[in-house]
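> Everything below, folded, please.
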Amino acid sequence: MDGVFFWIKICYDTDKNGRGDPMKILSRLDDPPFRVSKGDRKIIDCIRARLTDIPRMTISEIAAASGTGEATCTRFVRKMGFAGLADFKAALAGEGAELGRYMERGNIKNSETARETAHKLLSANMIALEKTQDIICNETIDRCAALLIAADRIAFIGLGYSGIIAQDSYFKFLRIGMHCVAPRDNHTMRMLAAIMDPSDVIFAISHSGETAEILETVALARSRGLKVISLTENHPSALRAASDVSLTYIAEETPLETGSIASKIVQFFLVDLVYTEVLKNLPPSAMEKKIRTTEAVRRHKQ
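Presented below is the predicted three-dimensional model:
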C-alpha cells in the first residue's frame, strides 16, 4: 500500500490456551516487546505494506511476500503471543473497521482536492490523540503534577512551534495563580536557568528532544539542582534522558505534514491533562483565581 505513512503496533495478552487477545493496534509495530531479528523486521514491513491482504494470505504467501521462510513466520506469530497463524490473522481481520480508519491517513498528494486533504489531516489528528492516550502512564502524570504544585516557580521553555505551546502553558497555569514564566528567546532561557533555585522547575518542550538551545538551558538548570519536566515525541532523545519526568506523545509526520497540527494538538492535550491534574489537587482558591482572571479579561474586552 504505497504512500501510507502510519505505524501500527499490536500488543497482545495470551489466554490459558495460548491464543492472542488483541488489545491495541495504535502504536508502533516496529517497537514490539521482544528482540527483533532480521526476519521479524521483514515480516513487520510486509504487514505494514499489505495490512488488508495478510488475513487472506496463506503462510507460504506471507513468507514469499516478506522474503522469509514459513518457520520464521511461525516464530514471529508466536512471539506476538499467538498459538498459530490462524489466530493471528483472525485477530488482525477482527480489527478491520478500526484499521480502515488508520489507513485513511494516506500520504498527502499535490493532485488531491482540499476535502481529501482535510479528511487525511483529520484522521492524522485523531490517530495522534488516540495513540498518545494509549501510552499515558498515571504515575508519570501524577509525578509531573506533584512537581509543578511543589515548585516555587515554573519556567516553560520552547522554541519555534514548541515556543507557542510554552506560551499557552504559561497563560494556562498563570490563570490559576501559579508563579511561572515563559521566556521567548534562548538568551533569556539561559539567564533564567542561571538564577532559578533548586525549588523551581523547568518544563522543556521540544518535538525532537534534540534542540540545542533547549538542551543547553536544561543542562544549566540541572547543574543548579532544578527538576526538569520534558514534553517530546515518543522516542529516545537527549532531552528525555536529561529529564526527571518525561511526557511523550506519538505524532509521526510525513514531509508535507512537518509542523502540522497533529504534533501540536497532542502537545496541547498532554499539557491540558497535566493542568487538569494540578487543578484537581489544588485548593478551591485556584479555581476562584481562574474565574477572577477570566472576568478581568472579559471586562477589558468590553
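> Restrict stretch 75-92 to CA atoms and write it as PDB.
Extracted as PDB, the C-alpha positions of stretch 75-92 are listed here (Å, rounded to 0.1, in the frame of the first residue of the first chain):
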ATOM      1  CA  ARG A  75       8.100 -18.000  15.200                       C
ATOM      2  CA  PHE A  76       7.100 -14.300  14.700                       C
ATOM      3  CA  VAL A  77       3.400 -15.100  15.300                       C
ATOM      4  CA  ARG A  78       4.300 -16.900  18.500                       C
ATOM      5  CA  LYS A  79       6.500 -14.000  19.600                       C
ATOM      6  CA  MET A  80       3.400 -11.800  19.200                       C
ATOM      7  CA  GLY A  81       1.500 -14.000  21.600                       C
ATOM      8  CA  PHE A  82      -0.400 -16.300  19.300                       C
ATOM      9  CA  ALA A  83      -0.600 -20.100  19.200                       C
ATOM     10  CA  GLY A  84      -0.700 -20.000  15.400                       C
ATOM     11  CA  LEU A  85      -1.100 -18.000  12.200                       C
ATOM     12  CA  ALA A  86      -4.900 -18.600  12.100                       C
ATOM     13  CA  ASP A  87      -5.400 -16.900  15.400                       C
ATOM     14  CA  PHE A  88      -3.100 -14.000  14.400                       C
ATOM     15  CA  LYS A  89      -4.900 -13.400  11.100                       C
ATOM     16  CA  ALA A  90      -8.400 -13.700  12.700                       C
ATOM     17  CA  ALA A  91      -7.400 -11.100  15.300                       C
ATOM     18  CA  LEU A  92      -6.000  -8.800  12.600                       C
END
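> Tell me how many other residues crowd Asp197.
11 (other C-beta atoms under 10 Å). Glycine gets a C-beta too; all of them are placed from N, C-alpha and C.
> and the next element down the chain from whichever strand or helix holds Thr188?
In this assignment (DSSP states H and E), Thr188 forms part of helix 186-195. Once helix 186-195 ends, the next helix or strand along the chain (criterion: DSSP H and E) is strand 201-205.
> ok so, going back, the helix holding Thr188 - contacts with which helices or strands?
strand 154-157, helix 212-223 (3 or more C-beta pairs under 8 Å, 6 or more residues apart in numbering; DSSP states H and E).
> Go through the ones you listed and name the closest to Val266.
Taking C-beta to C-beta, strand 154-157 is the member of the helices and strands packed on helix 186-195 nearest to Val266, at 16.8 Å.
> got the contact list for that closest one?
148, 166-167, 169-170, 173, 178-183, 189, 192-193, 196, 200-205, 214, 217 (C-beta atoms under 8 Å, 6 or more residues apart in numbering).
> Just the buried subset of those residues, please.
Among these, those classed as buried by 16 or more other C-beta atoms under 10 Å are 148, 166, 169-170, 173, 178, 180-183, 189, 192-193, 196, 200-205, 214, 217.
> Can you identify each of the strands in the stretch 101-250 of the chain by residue range?
Secondary structure of the stretch 101-250 of the chain (DSSP state E, counting those that start in this stretch): strands located at 154-157, 180-181, 201-205, 227-233, 245-249.
> neighbouring strands for the shortest one, and are they parallel or not?
For strand 180-181, the paired strands and their directions (DSSP bridges) are strand 154-157 (parallel).
> any idea of the mean pLDDT in the partner strand?
Here strand 154-157 scores 98 as its mean pLDDT.
> mind saving the C-alpha coords of it as CSV?
C-alpha atoms of strand 154-157 as CSV (Å, rounded to 0.1, in the frame of the first residue of the first chain):
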residue,chain,number,x,y,z
ILE,A,154,8.0,27.2,36.7
ALA,A,155,9.7,28.2,33.5
PHE,A,156,8.1,26.9,30.4
ILE,A,157,10.7,26.8,27.6
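> List the buried residues for it?
Ile154, Ala155, Phe156, Ile157.
> how about the residues you listed in TSV, adding distance to Met80?
Compiled in TSV, the buried residues of strand 154-157 are given as follows (distance: C-beta to C-beta, whole Å):
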residue	distance to Met80
Ile154	42
Ala155	44
Phe156	41
Ile157	41
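> Relative to Arg298, which of the helices and strands packed on helix 186-195 is closest?
strand 154-157 (24.5 Å).
> Please tell me how far that closest one is from the chain's geometric centre.
20 Å (C-alpha atoms, centre = their mean, to the nearest Å).
> residue ranges for the helices of this structure, please.
Per DSSP state H, the chain carries helices over the ranges 38-49, 59-66, 70-79, 85-94, 96-103, 114-134, 138-150, 161-174, 186-195, 212-223, 238-241, 261-281, 284-301.
> Quick check: the gap between Arg75 and Ala63.
As judged by C-beta to C-beta, to the nearest Å, Arg75 and Ala63 stand 12 Å apart.
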